[in-house]
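*Asks:* requesting a structural model of the entry that follows:
(chains A and B)
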There are 2 protein chains.
Amino acid sequence: MKKVVLLIMDGLGDGPTDNGSLAKAKTPNIDNMKKEHGVCGGMITLGKGITPHSDNAHLVLFGYPLNRYYVGRGTYEALGAGIRMKPGDIAFRANFATVKDNIVIDRRAGRIKTEIAHKIAQHIKHINIEGVDITFTPTIEHRGVVLLRGKGLSHRITGTDPHKINVRWARCKPLNKKAKKTAEIINKYMVWVHQQLEKVKTQRKLKPNFLLLRGAGYYKKVPGIKERFGIRAVAVAGGALYKGVARFVGMDTPDIKGATGDKHTDLNAKFNSAYNYLRTNDLVFLHIKATDSFSHDKDCKGKQKFIEKVDKHILKLTKRADYIMITGDHSTPCTLGEHSADPVPFMLWGKGIDPDNVRFNDVDALKGALKTFYGKEVMKSIVKLIKNE
Amino acid sequence: MKKVVLLIMDGLGDGPTDNGSLAKAKTPNIDNMKKEHGVCGGMITLGKGITPHSDNAHLVLFGYPLNRYYVGRGTYEALGAGIRMKPGDIAFRANFATVKDNIVIDRRAGRIKTEIAHKIAQHIKHINIEGVDITFTPTIEHRGVVLLRGKGLSHRITGTDPHKINVRWARCKPLNKKAKKTAEIINKYMVWVHQQLEKVKTQRKLKPNFLLLRGAGYYKKVPGIKERFGIRAVAVAGGALYKGVARFVGMDTPDIKGATGDKHTDLNAKFNSAYNYLRTNDLVFLHIKATDSFSHDKDCKGKQKFIEKVDKHILKLTKRADYIMITGDHSTPCTLGEHSADPVPFMLWGKGIDPDNVRFNDVDALKGALKTFYGKEVMKSIVKLIKNE
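*Replies:* Below is the predicted model of the structure:
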């Protein structure tokens, strides 16, 4: 069995330009890896002309087709927040919000700080409504996850976030008959949440006195990566969503001290963890979020500099990995500030590989030996490489 | 052979809410059609969790899988602008822009008006560079299409739009060896365009003295709807992109006087045309753009009112069509202001159909007899209905 690292720099691609972040970044280590044992290609994650999200892109990269395995954003967020979901559970993404007479005044309660949100969350930690246990788990700033556990629940319900202010919060509605009870419970929960949070004393002008729910997902146990592909895989990631998708497909998802899922992440800790986990795993999925965040902020320089930081750490992995794939989950051109359907530059490094003669950037990579290929091929290739097929 | 109308209200869905535009709109005619002979469902256009664009959504609705038939946005725009493309042609979307010393000052030349743009366009109508004919066709406001025709061209090239200001316009680069000549020609063309436009006298502060190119597409002749499915189809649409996709798949795409592809469109003219074309066609694709535009502007009221306008015209079609499908190409929740992956409410009306007992809105439609289904099923169903299978 060989050992593979899948290094995803989120939103790595900058679209069809040879002046992108990857081209501009000074990456002597990646350049050397490329020169000695690297081949390139362009990855079309979901399909031609389709712009991926981060959740669906990762599912596909992990070898899990969407129409069979996409269960809703709330579920991946909940799993990412460390909640152990069981089949039948329902999860929502939730925001602390401010309402007055049921009218939404602020959808994020003025973006409250994480530590304040975690204190307030104590007041709505848990309730049982009609036999259904409902828990709230705060995550970062105004965000959190609401989990429902009980019999006969359905995720075929609407959220309560009206997505705008100065209107009433949206009552939860069933999308089919089976979901009627679940929707009623959510609406009772909303009233309880408001009552509880109103009791909390605060000096804030925008009082966090409500939760807005969206993105209902359900949980089903799916055959894990080990079961489906016969390989042991671990995720080294800071961002909750990525950990969530990884957990969904049965990867180990250890907490890495210092891995924050933003630009302040401790790359040294992440790469050291990846190196250590290579000992006991066939595949290490190493996720870097900041490249995408810089792109969304249209900060091309920041993206470039972060790629350079990643380059400083990568050589360590070559000491234990037989193959390293370096790519993104999708393109997020930093000049555009949003995801795009452009192919993502992809590089495969491996000790026995004869290099092709292209450079690893948005333009040249696509001319490499791997040409352009679809995201669903990635896990197939990983499995073949690991099993030496 | 039966006759079918596919009525697409672009971006119709508002996400999982029973308070969306379709639910709020007063649509007595559609309501009656539903009550008498209508069944509902929820359409997942591309796949679970995938957010469609308008071009890829329509291709899939027309029965053309993306990985085989997606050839780049520029091509659909060019076809939509009335350009008859030939195999081997390359097309770009283009913007009039303002540059100074090759630095982009404004990416839209201050959003010049259509009539001014059309006058200026005369100066860069055509040039032959190294045996390649290059034409510029202006469309709306600062927008247009650049077409390349000649031997040995490749669309595997980058655009010249840097997507931001205060930087140099991007030189066109080849994405593979074969594309080197094409990229060189584009760069020569850019210089010529600038020289020509600099000669034009104008009082404008932001002088339209450059073109920024993006979205290179190529043309290939694909088997048309008639050839693939054995049906005659016509598109009644105002928006150029939709006509372009329809032309690509071999639909007739007559120009409809008054069909503008925006909120000022002449719905009476469009529905009358659809009615007339039903005489000689098996399928009439009737496209309404304004619903999506209102959504992008977060104008829920406008979207609702436009759906009400559509309702006023629809009964006419029931006199000649055997089946009418009413849906969108994707959801664009008007509270969100952008496309989403939410299922699109779908209604099928037909004289022999026993109605289900749900209402046609974002929530209830999904509980209907058609349940949820994928966009690729739409053309399959249309063909079966037409052929009475």
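*Asks:* any idea how far A:V363 is from A:M33?
*Replies:* Per CB to CB, to the nearest Å, A:V363 is found 19 Å from A:M33. The C-beta positions use only the backbone N, C-alpha and C, and glycine is treated the same way.
*Asks:* state the mean pLDDT of stretch A:259-268.
*Replies:* Along stretch A:259-268, the predicted confidence averages to a pLDDT of 90.
*Asks:* helices of the stretch 201-350 of chain A, start to end?
*Replies:* Listed in chain order, the helices found in the stretch 201-350 of chain A under DSSP state H, counting those that start in this stretch are A:225-229, A:240-248, A:267-277, A:290-296, A:300-318.
*Asks:* low-scoring stretches of chain A, by residue?
*Replies:* Applying pLDDT under 70 to chain A flags no residue at all.
*Asks:* tell me the buried residues in the longest strand seen in it?
*Replies:* Within chain A, and with DSSP state E defining each element, the longest strand by residue count is strand A:90-100. By neighbour count with 16 or more other CB atoms under 10 Å in any protein chain shown, strand A:90-100 contains the buried residues A:90-99.
*Asks:* per-domain residue ranges of chain A.
*Replies:* Structurally, chain A divides into domains by automatic domain parsing as follows: A:4-71+A:224-386, A:77-218.
*Asks:* how about the shortest one, does it reach chain B?
*Replies:* Yes: when contact is scored as CB under 8 Å from any CB of the partner chain, part of domain A:77-218 falls within range of chain B: A:156-159, A:162-164, A:170, A:173-177, A:216.
*Asks:* show the buried residues in these.
*Replies:* The buried subset of the residues of domain A:77-218 next to chain B (16+ other CB under 10 Å) comprises A:156-159, A:162-163, A:170, A:173-176, A:216.
*Asks:* among the residues of domain A:77-218 next to chain B, which two are most distant?
*Replies:* A:K164 and A:K177 (29.2 Å; CB to CB).
*Asks:* now for A:P355, how many residues are close by?
*Replies:* Applying other CB atoms under 10 Å in any protein chain shown, we find 16 residues neighbouring A:P355.
*Asks:* nope, A:T114 is what I was after
*Replies:* Using other CB under 10 Å, the number of residues around A:T114 comes to 13.
*Asks:* if I read this right, it contacts A:I140, doesn't it?
*Replies:* Yes: under the criterion of CB atoms under 8 Å, A:T114 lies in contact with A:I140, with a separation of 5.6 Å.
*Asks:* contacts only, for the residue of the stretch 101-250 of chain A found nearest chain B.
*Replies:* In the stretch 101-250 of chain A, no residue comes nearer to chain B than A:H163, which is 3.6 Å away by CB to the nearest CB. Shown in contact with A:H163 (CB atoms under 8 Å, 6 or more residues apart in numbering or on different chains): A:107, A:214, B:15, B:333, B:335-336.
*Asks:* most neighbours of all those, which one?
*Replies:* Neighbour counts for the contacts of A:H163 were taken using other CB under 10 Å; the highest belongs to B:P333, with 25 neighbours.
*Asks:* tell me the secondary structure at the residue nearest to that one when sequence neighbours are not counted.
*Replies:* The shortest distance from B:P333 to any residue other than its chain neighbours is 4.0 Å, reached at B:G15 (CB to CB, 6 or more residues apart in numbering or on different chains). In three-state terms, and counting by DSSP: H, G, I helix; E, B strand; the rest coil, B:G15 is coil.
*Asks:* give me the phi and psi for B:G15.
*Replies:* Torsion angles at B:G15 (phi, psi; degrees, to the nearest 10) stand at phi 80, psi -180.
*Asks:* and the residues of domain A:77-218 next to chain B, which of them are in strands?
*Replies:* The members of these that map onto strands under DSSP E are A:A216.
*Asks:* okay, the residues of domain A:77-218 next to chain B in TSV with distance to B:E198 next?
*Replies:* Formatted as TSV, those follow (distance: CB to CB, whole Å):
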residue	distance to B:E198
A:R156	60
A:I157	60
A:T158	56
A:G159	54
A:P162	51
A:H163	47
A:K164	46
A:A170	55
A:K173	59
A:P174	63
A:L175	59
A:N176	63
A:K177	68
A:A216	57
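*Asks:* returning to what we had before: settle it for me: which of A:V363 and A:M33 has more neighbours?
*Replies:* Shown here are A:V363 and A:M33; by other CB under 10 Å, A:V363 has more neighbours (27 against 23).
*Asks:* nearest residue to that one in space, ignoring adjacent ones along the chain?
*Replies:* A:D18 (4.0 Å).
*Asks:* pull the contacting residues for the one you found.
*Replies:* Residues in contact with A:D18 (CB under 8 Å, 6+ apart) are A:361-364, B:158, B:173.
*Asks:* repeat that for 7 Å
*Replies:* Taking CB atoms under 7 Å, 6 or more residues apart in numbering or on different chains, we find A:D18 in contact with A:361-363, B:158, B:173.
*Asks:* biggest separation within those, which pair?
*Replies:* In terms of CB to CB, the contacts of A:D18 reach their longest pairwise distance at A:N361 and B:T158, which sit 11.3 Å apart.
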